[in-house]
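Novice: Have a look at this fold, sequence not included:
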């Protein structure tokens, strides 16, 4: 490897580790919408992950439901698609749609993002550094009619026909947002790899309030890393962690999965994992690789102070990934002749 390439690798690792150290100085809980299976929602995790897969075209679907044991369930849906090496160039492109609905007021967030990425090979295709940007359009809304106010109690019971005494001038807001990220991936050998990435969301800090106050959406910084390690002929382990910081809030998740190679036709691999999210939940994951599909489910076990109300029940999450690969015919370099000729 040339000195120049070595310097590129070293600089990338130093930058990623520096961001990780800076983020670790905070101590709070994450604010933005998130998935427990952050590693199975790549375009929501880091725009630099656009095109970061083996294949040609990828579709990712995520669904999460939580707090159904406490209140009106919070529901989150995401659908994304991305492609790599557009027109045989180093450029990647992706499109993601994200929708979240929370609480009795149907507080909704809809985001449509366009991911644009670039992949630089460091040596050969086993070692890459990718960068990406993601301009996004966001629409937020709330239904005040589903809320109850003290003015609607007549002294004996709640009466929805009474005026709530409030003056809500706006029940929604639209704005543009902008995210960016970088990702490093190194396939050291067969069934042995390491990756790390850093992303900044809400770079433009758009105004999110429905009223006249100045309440910008704070920037969110995310550092994530993981790897693949062969421990047996049929078993790999996949350690992962993420640190996300937004204003006064922080989220730390660490854990991993075991991958068992089935080598049984269409059924390729099965997964089982355990993760921990700081001061909030532990969750288990189960997954399967079938043909070109990767499917995984997870369930959060709430262990925060809310467990008194939740009875330790948190959220259910499903992720499905499908990867297309173009048919590439085998080119025969010679033609065998019969022995009798």
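Specialist: Happy to help now that I have it. Since the structure is predicted, the reported quantities are computational estimates derived from the model, not experimental observations. Residues are numbered from 1 along each chain as shown.

Novice: For the stretch 1-150 of the chain, give me the ranges with low pLDDT.
Specialist: 1-33, 67-71 (pLDDT under 70).

Novice: 50 instead, please
Specialist: Residues of the stretch 1-150 of the chain meeting the criterion pLDDT under 50: 1-31.

Novice: the helices in it, which residues?
Specialist: For the stretch 1-150 of the chain, the helices defined by DSSP state H, counting those that start in this stretch cover 3-23, 42-45.

Novice: wait, what's in contact with residue 295?
Specialist: Contacts for residue 295 (CB atoms under 8 Å, 6 or more residues apart in numbering) come out as 287-288, 318-321. For glycine as for every other residue, the C-beta is placed from the backbone atoms N, C-alpha and C.

Novice: Return a ChimeraX selection command for the buried portion of those.
Specialist: Buried residues among the contacts of residue 295 (16 or more other CB atoms under 10 Å), as a ChimeraX selection:
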select :287,319,321
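
Novice: Serialize the contacts of residue 295 to a markdown table and add fields for pLDDT.
Specialist: Below are those laid out as a markdown table (pLDDT from 0 to 100):
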| residue | pLDDT |
| --- | --- |
| 287 | 98 |
| 288 | 97 |
| 318 | 97 |
| 319 | 98 |
| 320 | 98 |
| 321 | 98 |
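
Novice: Out of the contacts of residue 295, which is nearest to residue 104?
Specialist: Nearest to residue 104 out of the contacts of residue 295 is residue 318 (CB to CB; 24.5 Å).

Novice: Other residues contacting whichever strand or helix holds that closest one?
Specialist: Using DSSP states H and E, residue 318 falls within strand 313-324. Outside strand 313-324, the residues that touch it by CB under 8 Å, 6+ apart are 35-37, 40-41, 53-69, 74, 281, 283, 292-302.

Novice: just checking, which of the residues you listed belong to strands?
Specialist: 57-66, 74, 281, 283, 293-302 (DSSP state E).

Novice: Filter those down to the buried ones.
Specialist: When the ones in strands among the contacts of strand 313-324 are checked for burial by 16+ other CB under 10 Å, the buried set is 58, 60-62, 64, 66, 74, 281, 283, 294-296, 298-300, 302.

Novice: Check those and tell me the two furthest apart.
Specialist: Going by CB to CB, the pair spanning these furthest: 58 and 302, at 31.7 Å.

Novice: about what we covered before: neighbouring strands - and their directions - for the strand holding residue 318?
Specialist: Under the criterion DSSP bridges, strand 313-324 sits next to strand 57-66 (antiparallel), strand 293-302 (antiparallel) in its sheet.

Novice: could you give me the average pLDDT of the last one?
Specialist: Averaged across strand 293-302, the pLDDT comes to 94.

Novice: quick check, distance from it to the centre of its chain.
Specialist: Its chain's C-alpha centre and that of strand 293-302 lie 13 Å apart, by CA atoms, centre = their mean, to the nearest Å.

Novice: next one: stretch 85-96
Specialist: Centre-to-centre, stretch 85-96 and its host chain are 19 Å apart (CA atoms, centre = their mean).

Novice: try stretch 281-293
Specialist: From the chain centre to the centre of stretch 281-293 is a distance of 15 Å (CA atoms, centre = their mean).

Novice: And for stretch 217-224?
Specialist: With CA atoms, centre = their mean as the basis, stretch 217-224 stands 12 Å off its chain's centre.

Novice: For it, which residues meet the burial criterion?
Specialist: 217-218, 220-224.

Novice: need the strands for the chain, in chain order.
Specialist: Under DSSP E, the chain gives strands at 57-66, 74-83, 91-102, 107-122, 124-141, 172-189, 192-201, 220-230, 235-246, 249-264, 267-277, 281-290, 293-302, 313-324.

Novice: who does the third one touch, helix- and strand-wise?
Specialist: The reference is to strand 91-102. Judged by 3 or more CB pairs under 8 Å, 6 or more residues apart in numbering; DSSP states H and E, strand 91-102 is in contact with helix 42-45, strand 74-83, strand 107-122, strand 124-141.
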